[in-house]
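Student: What shape does this take:
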Amino acid sequence: MDFELSDDQVALQEGLRSFCQGRLPMAAVRELEATGGIDRALWRELAEMGVFALRLPEADGGVGLGWADAVLAFEELGRAIVPGPLVWTHLVAGLVEGAAEGTAIVGGLPRDDQSRLVEYAPSLDALVVLDDAGAWLVDPSSLELEPVAHPLDPLVPVWRVTGLLPQGERIVGVEDPAALQEQGAALVAATMLGVAEAATDLAVGFAKERVQFDRPIGAFQALKHLMADMFVRAEVARGAVYAAGVTLDDPAVGSVRRAVAAARITAAEAALGNGKTCVQVHGGMGYTWEVDAHLLLKRAYALEPAFGGREEWEEAMADLVAQAG
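Tutor: Numbering: from 1, shown residues only. Coordinates of the predicted model:
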């Protein structure tokens with residue numbers, strides 16, 4: 001299994017990183033809170049960059065790449081904490097009208113989710129409900145919803161379904177709902193990897209600039225250990241996430257479910273662990289609204305339950321190991 005990036009993959013990452021740095025610096029990301037985390041012009045720009053049509057065949061207007069490339073793209077989106085139901089829209093591009101082109105914003109939730117929470121509900125053009133029988137398209141305007149007053153991530157507003165959840169119209173092309181969940185979990189893991197990397201960069205940058213006792217605080221051994229641990233967590237997650245992308249493209253190299261479980265577990269540990277450590281490196285300032293550290297940690301927590309939380313994937317991994325033994 002070769003994790004060395006090709007020239008085209010490096011160009012893909014650099015292009016998306018450049019776009020996010022120019023179009024979505026943290027100040028611009030913060031401003032999206034006023035619009036419910038969604039800017040439709042930005043959404044269309046992401047579509048023009050190929051984010052949603054990345055895996056669609058060129059004959060269908062897509063880019064014609066694979067899952068290994070998709071995880072690289074979502075790593076960069078996570079690094080910039082780009083808000084919006086990016087994973088759901090990407091998964092159903094080509095299956096739901098307008099998703100690939102960025103003219104439709106598509107969210108989703110599992111039918112058996114007891115919390116019945118829908119992110120970005122007022123901004124959605126379509127809602128995908130996933131169950132064991134398939135994927136179903138529901139009109140978000142048909143739902144009875146109440147807002148969650150204080151969502152954990154201010155850039156991820158959440159609504160609760162209070163009435164009936166309609167069966168919806170079957171989405172043709174989703175033959176294996178479990179596979180769709182695995183694909184979504186891999187992209188969430190890639191996003192969390194990006195969050196972990198951003199937290200490491202922010203902590204290291206601050207430690208180089210902040211001076212105490214006439215020395216940058218990064219020179220103190222205690223902080224060096226903390227930031228070294230951040231780097232290690234992110235690198236471990238990177239290997240697992242890239243392996244999941246490669247395995248999704250070629251299941252012959254190994255168990256897809258095992259690869260996705262490893263990616264999901266290590267990426268969650270990296271994003272949450274690095275988010276907490278980033279706040280710690282910033283000291284008392286890390287808890288203030290002005291410092292970006294809390295936004296990274298909140299995004300990690302907001303992503304954690306998506307497409308199966310860490311505990312669910314840990315149980316899946318335990319079952320796979322037991323079966324192999």
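
Student: When you work out contacts or count neighbours from here on, use the C-alpha atoms and nothing else.
Tutor: Will do.

Student: in this structure, which spans are strands?
Tutor: Using DSSP state E, the strands found in the chain span residues 106-110, 117-119, 126-131, 134-138, 145-147, 158-161, 169-170, 211-212, 215-216.

Student: Just name the most buried of those strands.
Tutor: Among the strands of the chain, strand 106-110 has the highest mean neighbour count (mean count of other Cα atoms under 10 Å), at a mean of 24.

Student: Please tell me how far that strand is from the chain's geometric centre.
Tutor: Offset of strand 106-110 from its chain centre (Cα atoms, centre = their mean, to the nearest Å): 14 Å.

Student: neighbouring contacts of it?
Tutor: Outside strand 106-110, the residues within contact range by Cα atoms under 8 Å, 6 or more residues apart in numbering are 85, 88-89, 99, 116-121, 124-131.

Student: what's the neighbour count on residue 196?
Tutor: 35 (other Cα atoms under 10 Å).

Student: Once you drop chain neighbours, what's closest to it?
Tutor: Distances taken as Cα to Cα, 6 or more residues apart in numbering place residue 271 nearest to residue 196, at 4.2 Å, with adjacent residues excluded.

Student: residues in contact with the one you found?
Tutor: So residue 271 contacts 192, 193, 195, 196, 197, 199, 234, 297, 300 (Cα under 8 Å, 6+ apart).

Student: same question, residue 25
Tutor: residue 80.

Student: Surely residue 160 and residue 114 touch.
Tutor: No: applying Cα atoms under 8 Å, one finds residue 160 not in contact with residue 114, separated by 10.3 Å.

Student: Would you mind measuring from residue 153 to residue 38?
Tutor: Shown here: residue 153 relative to residue 38, a distance of 14 Å by Cα to Cα, to the nearest Å.

Student: neighbour-wise, which of these two wins?
Tutor: Using other Cα under 10 Å, the more surrounded residue of residue 153 and residue 38 is residue 38, with 24 against 21.

Student: For the more buried one, give me the pLDDT.
Tutor: Looking at residue 38, its pLDDT is 96.

Student: That one is in contact with residue 85, isn't it?
Tutor: No: if you go by Cα under 8 Å, residue 38 and residue 85 don't touch, sitting 9.2 Å apart.

Student: for the stretch 51-200 of the chain, what spans make up the helices?
Tutor: For the stretch 51-200 of the chain, the helices defined by DSSP state H, counting those that start in this stretch occupy 67-79, 86-91, 177-209.

Student: Nearest to residue 242, out of these?
Tutor: helix 67-79 (6.5 Å; Cα to Cα).

Student: quick one, what contacts residue 249?
Tutor: Residues near residue 249 by Cα under 8 Å, 6+ apart: 66, 67, 68.

Student: Identify the residue nearest the first one in space, chain neighbours excluded?
Tutor: Same thing as residue 66. The spatial neighbour of residue 66 that comes closest, neighbours along the chain excluded (Cα to Cα, 6+ apart), is residue 55 at 5.3 Å.

Student: Ok, residue 259 next?
Tutor: residue 244 (4.8 Å).

Student: For that neighbour, give its distance to residue 173.
Tutor: Counting by Cα to Cα, the gap from residue 244 to residue 173 is 22 Å.

Student: Tell me which of the two has more neighbours.
Tutor: Each of residue 244 and residue 173 has its neighbours counted (other Cα under 10 Å); residue 244 has more, 34 against 12.

Student: thought the more buried one was touching residue 266?
Tutor: No: counting by Cα under 8 Å, residue 244 stays clear of residue 266, with 11.6 Å between them.

Student: give the contact list for the residue nearest to residue 107 when sequence neighbours are not counted.
Tutor: Nearest non-adjacent residue to residue 107, counting by Cα to Cα, 6+ apart: residue 127, 4.9 Å away. For residue 127, the contact set (Cα under 8 Å, 6+ apart) comprises 106, 107, 108, 109, 137, 138, 139, 140.

Student: Give me the pLDDT for residue 127.
Tutor: pLDDT, residue 127: 98.

Student: Identify the bridge partners of it.
Tutor: Per DSSP bridges, the residues bridged to residue 127 are residue 107, residue 138.

Student: what residue ranges in the chain score low on pLDDT?
Tutor: Across the chain, residues meeting the criterion (pLDDT under 70) sit at 1-3.

Student: same thing but 80
Tutor: Of all residues in the chain, those with pLDDT under 80 make up the ranges 1-3, 325.

Student: Show me how it divides into domains.
Tutor: Split into domains by automatic domain parsing, the chain comes to 7-170, 177-324.

Student: Return the most buried member of these.
Tutor: Most buried of the domains of the chain by mean neighbour count (mean count of other Cα under 10 Å) is domain 177-324; its value is a mean of 21.

Student: Many thanks, have a good one.
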